[in-house]
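Novice: Got a sequence here, can you model it:
(one chain, ligands or ions: 1)
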Amino acid sequence: MYRPSARLLSHACRVFLGSLCILALASLPAGADERTKIQPQWNLFSPQDDIKLGAQYSEEAEQQLPMLKDEKVNDYLNTLGKRLAQFAPGEKYPYEFKCVNVADVNAFALPGGRIYVFRGLIQAADNEAQLAGVLGHEISHVALRHGTSQVTKSIAPSVGVAVLSSVLGNNALGKLVTVAGAFSLNSLLLKYSRTDESEADILGVQIAHDAGYDPHALADFFTVLAEEEKKMGVPPEFFSNHPSPEHRVERVNEEIQKLGGRPANAKTDSAEFREIRRYLFSLPPAPRRIEVAETDPYGTANAGATPDAPSAKLQPFENDAVKLEFPSNWKSNGQGSAVTLYPEGGVARDERGNPELAYGAMVNRFEPRAGSTLESATDQLIASLRQSNPALEVHRRPEPMRLGGQRALSAYLLNDSPIKGKELIWLVATLRPDGVFYVVSVAPQADYDHYSKSFEATINSFHFRQ
Ligand code: ZN
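Specialist: Now for the predicted structure:
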């Protein structure tokens, strides 16, 4: 029913190119600098929002990804990355670089300066200048604010600029998550357009150049990646948003020419890089992305099989907002202001690989229009849920009940189940100082009776912390 965040991995920004040709270009006279000036894209967020959003989503990223957590490697990445970031234009973000223990050649950047470098990328690079080129590309996504610009462009047309502008203020994230139709936000943050990728290539080359690195290394690295991908094979949709490989290398070389070519005494390698690379090769091999995906927190590999019946025994859960109890054989997964409680196999994947809750409960907040009553706020919430779930219909109109000792409304909704037939959704909503607090409990209609007792036990255990 609801769509939580897309798997970060599948949206990780690839610096990959397929087949390619590297063009030899004559250099301009030394010193000439006619670099491309990149104009900022439409963005309703503030740089502070970028930092907040990135920090929030980095928590989720680090829960889902196997982090290397090696001080030596992360220190090296931070020293190199921060040196490069000094040459990024615009707002100075608090850059932070971390190594992910995955063998794939990949890297991605969250808004506000959190950059993740896969171990396979460092191991695949021939020299520091190649790594610097890739880091320059990722830093460029941050500096050019591509993540929040994509969110702006994706959300503003559907909710209206005025609404989006009005929610960007205090607690932008919590409000935005609801505006975004619940959970597509984090996939949007990493869904860069072709133009974004081109801009990041161009600015990345400028950054590497200005930091004194051989800017041709980025183009060289594309060759390394092409070979890597030939070996591994990658689903074609992975590249759908990237410019054609030939064009990409061509454009990088064109930019180098505009910059006046390779800087004098351009740096190619360093003893530190060689040491880190040697050290990484000495560690036990990192898993491949596909192996990591199988251990994803939702356990969607088992989706399709009917989950085990919910245990009558309950376990506690608490976060900043609530304390509750839920079946002891279920798991919990928090993201942003939302918490998902679900059994193994209870989360399916839609055709785009986004997780969808088929069995379980989700707790979240929703921002209604100012001054809304509980009745009107609940209607707004249902309308908002319908935006991201077009098949959603009201099965039983809202009726009064209690949640955590507060006046609440209870309604039943019907939707298409991601697993089988129709699903029944029990929605319980109450008004809190920071908006509507709600719980949706979901199961396929055919199985709902086996879950209703557990859903009730969880609802009855609710306790607001303040
Ligand atoms: Zn990119």
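
Novice: For the rest of this, base every contact and every neighbour count on C-alpha atoms.
Specialist: Will do.

Novice: Just confirm R407 is within a strand.
Specialist: Yes - under DSSP: H, G, I helix; E, B strand; the rest coil, R407 sits within a strand.

Novice: Now do the contacts for the residue in the stretch 251-400 of the chain positioned nearest to the ion.
Specialist: When scored by C-alpha to the ion, the stretch 251-400 of the chain has V252 as its residue closest to the ion, at 13.4 Å. V252 makes contact with 201-202, 205, 218-219, according to C-alpha atoms under 8 Å, 6 or more residues apart in numbering.

Novice: does it belong to a helix or a strand, and which?
Specialist: In the assignment (DSSP states H and E), V252 maps to helix 245-258.

Novice: got the buried residues for that helix?
Specialist: 245, 247-258 (16 or more other C-alpha atoms under 10 Å).

Novice: any idea what sits nearest I139, other than its immediate chain neighbours?
Specialist: Nearest residue to I139, sequence neighbours excluded (C-alpha to C-alpha, 6 or more residues apart in numbering): A85, at 6.4 Å.

Novice: cool, and Y448?
Specialist: Nearest to Y448 is L424, by C-alpha to C-alpha, 6+ apart, at 6.9 Å.

Novice: which residues touch that neighbour?
Specialist: With C-alpha under 8 Å, 6+ apart, L424 has these contacts: 412-415, 442-445, 448.

Novice: Can you name the element that comes right after the helix or strand it falls within?
Specialist: Using DSSP H and E, L424 maps to strand 422-432. Next helix or strand after strand 422-432 toward the C-terminus (DSSP H and E): strand 435-444.

Novice: After that next one, which helix or strand is next?
Specialist: helix 448-460.

Novice: Can you tell me what sits against that next one?
Specialist: Contacts of helix 448-460 (C-alpha under 8 Å, 6+ apart): 309-312, 324-327, 361, 403-404, 424, 441-443.

Novice: any idea of the angle that helix forms with strand 435-444?
Specialist: 160 degrees (axes from the mean of the first three to the mean of the last three C-alpha atoms, to 10 degrees).

Novice: Let me know the angle separating helix 448-460 from strand 422-432.
Specialist: Going by the same axes, to 10 degrees, helix 448-460 makes 10 degrees with strand 422-432.

Novice: which non-adjacent residue is nearest whatever residue of the stretch 201-350 of the chain ends up closest to the ion?
Specialist: Distances between the stretch 201-350 of the chain and the ion by C-alpha to the ion are smallest at D201, namely 7.5 Å. Take D201 and drop its neighbours on the chain: the residue closest to it by C-alpha to C-alpha, 6+ apart is H137, 5.5 Å away.

Novice: quick one: that neighbour from the ion, how far?
Specialist: Separation of H137 from the ion (C-alpha to the ion, to the nearest Å): 6 Å.

Novice: and that residue, what helix or strand is that in?
Specialist: Applying DSSP H and E, one finds H137 within helix 128-143.

Novice: After that helix, heading C-terminal, what element do we hit next?
Specialist: helix 146-159.

Novice: Give me the buried positions along that following helix.
Specialist: By 16+ other C-alpha under 10 Å, the buried positions in helix 146-159 come out as 146-153, 155-156.
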